[in-house]
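Student: Requesting a structural model of the entry that follows:
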Amino acid sequence: MKKLFAVLGDPIGHSMSPVMHNDLFSFYNIDAYYLPFKVKSENLQDAVKGLKAIGAGGFNVTVPHKSKIIPFLDEVDELAASIGAVNTVVNDDGKLIGYNTDGPGFLSGLHTSFPSIDGKRVLIIGAGGAARAIYFTLAKERPAVIDITNRTLEKAQSLIEACPYTISSAAKSIAEAGKQIEEYDLIIQTTMVGMSPRLDEKPLDLNNLRKESMVCDIIYNPLTTQFLHVANGHGARTQNGIEMFVYQGALAFEKWTGILPDIQRMRENVLKQLGGKTC
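Tutor: The predicted structure is shown next:
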């Protein structure tokens, strides 16, 4: 009997996770399948109980349930608990354990182009759930500084105060961060600015960007946002959201199956669905 895996979210029709994971189950001859389920917030507890009752092997969690799901799990990993969000759940002999592979997925993808952030100066744009996962994960990697810029300065400051790890950080306004952009070795864009319908917008000014800097945008549709386009024009190295998406999925797959899958196969599969190439 095939083992069920799933992704819970609302909306969910846009998710590429089913295509990615079903291809991996087939490639590794694992008798399993992966389905998307649109679950409203008021039905989340019932959905979790149902998946547990039928013995689902595990599932992913996406917007808007990453934080809301925590009370319905039996156990939560230390990093996921500190972030306050779960995106991967493993059914361990009837015990549902929550993890967050978003931050580690970003870090693994980053390492393909930026081997170490030890001693580096980092700027994160945004203070939402993705920024939180990335910030907490990178804070353990010994960077010199991780500053956060956000339209609402109070939200950036709250994120800094919530971090359980010792790190030098400052909350900066968008204007201030833009003027000081040359100070950073790594700039990470985590907001929705650059996605439809805001395709022509950038979250901050890059006029003073150094070509030695690395610029990341966790958006992968479009593959090259206006932000990355401008960064490319300055000669900086860039990375879109494909790597984070693929690696967070790979880490989830490994937790479910014990197999770290073929990253290149996953990358090519996602790019095929998007109809493009990485920048």
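
Student: Tell me which stretches of the stretch 151-279 of the chain form helices.
Tutor: Here the stretch 151-279 of the chain has its helices, by DSSP state H, counting those that start in this stretch, at 153-162, 174-179, 226-233, 242-257, 263-274.

Student: now the third one: mean pLDDT?
Tutor: Read it as helix 226-233. In this model, helix 226-233 has a mean pLDDT of 97.

Student: SS state for Gly98?
Tutor: strand (DSSP: H, G, I helix; E, B strand; the rest coil).

Student: Report whether the expected contact of it with Val86 is present.
Tutor: Yes: with contact defined as Cβ atoms under 8 Å, Gly98 reaches Val86; the gap is 3.6 Å. C-betas here are computed from N, CA, C, even on glycine.

Student: Now for the two: what residues contact both?
Tutor: Residues within reach of Gly98 and of Val86 at once, by Cβ atoms under 8 Å, 6 or more residues apart in numbering, are 61, 69-70, 73, 76, 80.

Student: Which of these fall in strands?
Tutor: Under the assignment DSSP state E, the shared contacts of Gly98 and Val86 contribute 61, 76 to strands.

Student: Not counting stretch 231-247 itself, show me its contacts.
Tutor: So stretch 231-247 is in contact with 16, 20, 101-102, 104-106, 108-110, 112-114, 187, 206, 209-220, 223-225, 228, 263, 266-267, 270-271, 278-279, going by Cβ under 8 Å, 6+ apart.

Student: Can you select the buried ones among those for me in PyMOL?
Tutor: Only the buried entries of those go into this PyMOL selection, using 16 or more other Cβ atoms under 10 Å:
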select buried, resi 16+20+101+102+104+105+106+108+109+110+114+187+206+209+213+214+215+216+217+218+219+220+223+224+225+228+263+266+267+270+271+278+279
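
Student: So which of the contacts of stretch 231-247 belong to strands?
Tutor: Using DSSP E, 187, 214-217 are the members of the contacts of stretch 231-247 that sit in strands.

Student: Can you mark which positions in stretch 90-100 are buried?
Tutor: Buried-residue list, stretch 90-100, by 16+ other Cβ under 10 Å: 90-91, 96-100.

Student: Save the residues you listed as a markdown table, and put in pLDDT too.
Tutor: Below are the buried residues of stretch 90-100 laid out as a markdown table (pLDDT from 0 to 100):
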| residue | pLDDT |
| --- | --- |
| Val90 | 98 |
| Asn91 | 98 |
| Leu96 | 98 |
| Ile97 | 98 |
| Gly98 | 98 |
| Tyr99 | 98 |
| Asn100 | 97 |
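
Student: that's a helix at Leu4, yeah?
Tutor: No: looking at Leu4 with three-state DSSP, it is strand, so not inside a helix.

Student: Can you give me the distance of the nearest residue to it once chain neighbours are set aside to Lys3?
Tutor: Spatial nearest neighbour of Leu4, excluding adjacent residues (Cβ to Cβ, 6 or more residues apart in numbering): Ala56 at 4.5 Å. Plainly put, Ala56 is 7 Å away from Lys3 if you go by Cβ to Cβ, to the nearest Å.

Student: what about the residue nearest to Glu201 when sequence neighbours are not counted, neighbour count?
Tutor: Ranked by Cβ to Cβ, 6+ apart and with sequence neighbours excluded, the top spatial neighbour of Glu201 is Val193, at 5.1 Å. Applying other Cβ atoms under 10 Å, we find 20 residues neighbouring Val193.

Student: Contact partners for Val193?
Tutor: 201-203, 227.

Student: Kindly report the same for Leu107.
Tutor: The neighbourhood of Leu107, defined by Cβ under 8 Å, 6+ apart, consists of 134, 137-138, 141.
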